[in-house]
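Student: Pasting the sequence and the predicted model now:
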Amino acid sequence: MSGPESVLIVGTGLIGTSIALALREQGVTVYLTDRDPATVRLASELGAGVEWNPGRPADLDADAAWYPGRPVDLAVIAVPPDLVAEQLARLQRAGAARFYTDVASVKALPIRQAEALGCDLTAYAAGHPLAGRERSGPAAARADLFLGRPWALCPTEQTSPDAVEALRGLIKLCGGEPVEVDAVQHDRAVALVSHAPHVAASAVAARLADAPATALGLAGPGVRDVTRVAAGDPDLWTGILSGNALPVADVLEAVAADLAAAATALRAFAESSPASTESSPGPTESSPPSEASAVPASAPVPASPGGAAMSTVTDLLRRGVTGTDRIPGKHGGPARTYTVIQVIIGDRPGELARLFQVAEETGVNIEDVRLEHAPGLPLGAAELFVQPEAADTLSAALRAHGWHLP
């Protein structure tokens, strides 16, 4: 099976609608349903597919004639983790599709619940695209959301090869990279690389809730990078975290231990550092050090308690660099080191398009881009990440087109 020709999307939020948009670009027939008719209509208006049973919630009971005369090739269940099994059972009772998958960010829970409900697991291939945005809902959906992104595929022992192949076909149509992994192993992995980082980002962002305006006025790219994902829907993330509670708790406890050790070390340094004790001034010309207190230049300098404390912090920072270096690059390959070209851009419509046009005409691929607005000014800086060998070519072309490179 090269890929499904007809797909039903159950749940027209960010992920469901993004899948639908990607499939429509590939000519796949897409049907949309959601318990909220308004989101279905919006997704349909965005070109994501055909609204089914418009104006009322979809009835998925066995006697409902809501699907187009015959089962679709694949049904994609894009609902919260604790609702996947219930939807799967209802869809299978209705004979909605030949095969079924889901996009929940935890896998062991829905599989376990589906088995308890007596679902046909031979036709169900659990999945999870590792992609998303801090915004939610169909209005935030993008057809290119999954390009080059890993997409976990978690078949059980009962899953048929045809069901697995149907999901692989869907992933390829959406531009994702299929990664087959055991459900329990998947949940432990996403606790480490997705779920716990979200909680950590929220903990940092929560410090800003009551921060003084002076501090917020000094906010730069560092705090924005750390807290970006904290803008996600709290209700959605509560469901995700509750479905993967123990693996996430394990990671958070390890992170908390590192943070507690760093805090203890910093306090020890502050208490032992002479520079931090303003009430103890050093010797002046009018009060030279006594002979008893003088230390010969050749005498060994005792180890500083503060220095020993800071070694704990240094160790954490070094381990952080090591961990960052291990994050894979594009398409799951080795991490690449890119050259960053900074370009000053005006805060006007079409500026980014003009910038990218120069790169396209020059034949340089922009691997990544970051934007930083200048506080109080109608301009900002775009950081373009490119291959090192292409940096000089693109820089020269940008200058020739009148762009300012600091």
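Tutor: Arrived safely, thanks for sending. Numbers count the residues shown, from 1 in each chain.
Student: okay, CA-based contacts and neighbour counts for the rest of this
Tutor: OK.
Student: for the stretch 201-350 of the chain, which spans come out with low pLDDT?
Tutor: 274-307, 329-336 (pLDDT under 70).
Student: the strands in it, which residues?
Tutor: Ranges of strands in the stretch 201-350 of the chain, per DSSP state E, counting those that start in this stretch, are 339-346.
Student: how far away is residue 386 from residue 88?
Tutor: According to C-alpha to C-alpha, to the nearest Å, residue 386 stands 44 Å off from residue 88.
Student: again but with residue 213, I slipped
Tutor: Counting by C-alpha to C-alpha, the gap from residue 213 to residue 88 is 49 Å.
Student: same question, residue 402
Tutor: 56 Å.
Student: between these two, which one's more packed in?
Tutor: More neighbours surround residue 88 than the other of residue 402 and residue 88, with 26 against 8 (other C-alpha atoms under 10 Å).
Student: what kind of secondary structure is the more buried one in?
Tutor: helix (DSSP: H, G, I helix; E, B strand; the rest coil).
Student: tell me the pLDDT at it?
Tutor: In this prediction, residue 88 carries a pLDDT score of 97.
Student: who are the neighbours in contact with it?
Tutor: Contacts for residue 88 (C-alpha atoms under 8 Å, 6 or more residues apart in numbering) come out as 77, 100, 114, 119.
Student: Please report how far it lies from residue 167.
Tutor: For residue 88, the distance to residue 167 - C-alpha to C-alpha - is 15 Å.
Student: how close does the nearest residue to residue 340 once chain neighbours are set aside sit to residue 391?
Tutor: By the measure of C-alpha to C-alpha, 6 or more residues apart in numbering, the closest residue to residue 340 outside its immediate chain neighbours is residue 385, 4.7 Å from it. Taking C-alpha to C-alpha as the measure, residue 385 falls 9 Å from residue 391.
Student: Repeat that for residue 342.
Tutor: When residue 342 is compared with residue 391 (using C-alpha to C-alpha), they lie 11 Å apart.
Student: Can you check which residues contact both of these two?
Tutor: By C-alpha under 8 Å, 6+ apart, no residue touches both residue 342 and residue 391.
Student: Now do the contacts for residue 309.
Tutor: Contacts of residue 309 by C-alpha under 8 Å, 6+ apart are 265, 266, 268, 269.
Student: Export those to JSON lines and append columns for neighbour count and distance to residue 15.
Tutor: Output for the contacts of residue 309, formatted as JSON lines (neighbours: other C-alpha atoms under 10 Å; distance: C-alpha to C-alpha, whole Å):
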{"residue": "265", "neighbour count": "21", "distance to residue 15": "43"}
{"residue": "266", "neighbour count": "18", "distance to residue 15": "42"}
{"residue": "268", "neighbour count": "17", "distance to residue 15": "47"}
{"residue": "269", "neighbour count": "19", "distance to residue 15": "47"}
